[in-house]
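Novice: Mind folding the following:
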Amino acid sequence: MPYEGEHFTEVFQFHQGAVNDVITSPNQNYCITIGENGMIKVWDYVLKQVKYQDTFPGGGTCLEHMPENEGNKGRVFAAGFDNGIVRIFMVTCDGLVLLKSFRAHEDAIVGAKFSKDLKTLVTASTTGDIFFFEIDGANNVQKFDPLCTIKLPDEAGINDFKWNDDDKSIIFGCNNGWLYEVGRPDPKIVDNKESFLLENPKMKCWSMKIMEFQMKKNQAKDPEEEEKKRRMRLRGELPPEEEEDEEIWAPEPIHTVVPFKDSDGKLNYLVSTEGQFGGYLYMCNLDIDRPYKAIAISTTVGVTYMVENKSASGNILTIGY
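Specialist: Next comes the predicted model:
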């Protein structure tokens, strides 16, 4: 074929670099994306075109829509950036309107979550810092007053977090292999005149542990090897079987966590992890030492996204790999 020179036609313009999060409007035909270059785009997926876009300092990390009500019209959302900045926007017919901008953390924002009653916003950083803000999503969408901050233990490294259904606590899944259930601070009690750091917050901690079926003692055993061990025990060269040390696996990062209630109405969590614990989703209760159930999934991929979508017709668990 004869070469007639280079000619390129732009089909669609996307973000420069990775798209780090996407959310959809609760009541309009648009979705919003945020890229690692700090660009936010509002996409009309009916007209198949970008309605608005703007670029902000810092790399974009996360998005969260404020729950819809008469006050915010389902058009307010939060955007987090890797420089610790949180920006609050409203989508209007004229474009993106910046309502508020504040530095919530020294490190990258891993998420921002609104309570269902629209009175609290909680943000979290990758290193394990949590910040609570008083808001009024029903009457004043520009109110974001700092309330208090909490530091999770041991450089926890937050990967995922969600409000529990009753709005009374938040569950955090962390890089150190722990779950932290943090109680919602009461603005009437918190004293932040001298410091925003909340000492001794209400918190339950739970670490991932090996389940009974995963223990070596419960695996299929080699008869010859077992006979060898039996003779060694008779000679006193091995301790009695019941005195063998408990098998412990090193902690693995908890990547995603979803709260749910069992048939008795008790709060439980579904978590995903990796390493030796990989290949399963685990049902956990923070009052029980170990997961009480394991659900087999593919061992060749890791779970990176997990959320429960609730509707009148039933609840659906969406999982991303």
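
Novice: for the stretch 101-250 of the chain, which spans come out with low pLDDT?
Specialist: Counting by pLDDT under 70, the stretch 101-250 of the chain has low-confidence residues at 217-221, 241-245.

Novice: Not counting its neighbours along the chain, what's nearest W43?
Specialist: Closest residue to W43 apart from its sequence neighbours, by CB to CB, 6 or more residues apart in numbering: C31 at 5.2 Å. Where you see a C-beta, it was placed from the backbone N, CA and C, and this is true even at glycine.

Novice: Distance check, the one you found against R75.
Specialist: Distance, C31 to R75, using CB to CB, to the nearest Å: 13 Å.

Novice: So if I had to pick from the two, which one is more boxed in?
Specialist: Higher neighbour count among C31 and R75: R75, with 20 against 15, using other CB atoms under 10 Å.

Novice: Quick check, that one in contact with Y30.
Specialist: No - contact criterion CB atoms under 8 Å: R75 and Y30 do not qualify, at 9.5 Å.

Novice: residues bridging contact with those two, i.e. touching both?
Specialist: Shared contacts of R75 and Y30, defined by CB atoms under 8 Å, 6 or more residues apart in numbering, comprise V91.

Novice: that older thread, thinking the residue nearest to W43 is in contact with Y45, fair?
Specialist: Yes - with contact defined as CB under 8 Å, C31 counts as touching Y45 (6.0 Å).

Novice: Neighbours of L281, how many?
Specialist: Residues near L281, counting by other CB under 10 Å: 20.

Novice: excluding its backbone neighbours, what's nearest it?
Specialist: Once flanking residues are discounted, L281 sits nearest to I295: 4.5 Å by CB to CB, 6+ apart.

Novice: Can you name the residues that contact the one you found?
Specialist: 280-283.

Novice: Which ones among the residues you listed lie within strands?
Specialist: By the criterion of DSSP state E, membership of the contacts of I295 in strands covers 280-283.

Novice: Out of those residues, which is nearest to E237?
Specialist: Nearest to E237, judged by CB to CB, of these is Y280 at 35.9 Å.

Novice: Identify the residues contacting that closest one.
Specialist: Taking CB under 8 Å, 6+ apart, we find Y280 in contact with 294-297.

Novice: what pLDDT does it get?
Specialist: The score at Y280 is 94. That number is its pLDDT.

Novice: again, but for the one 5 residues further on
Specialist: pLDDT, the model's per-residue confidence, is 96 for N285.

Novice: what sits opposite the nearest residue to it once chain neighbours are set aside in the beta ladder?
Specialist: Excluding the flanking residues, the one nearest N285 by CB to CB, 6+ apart is N268, at 5.1 Å. Beta bridges link N268 to F260 when assigned by DSSP bridges.

Novice: That'll do, ta.
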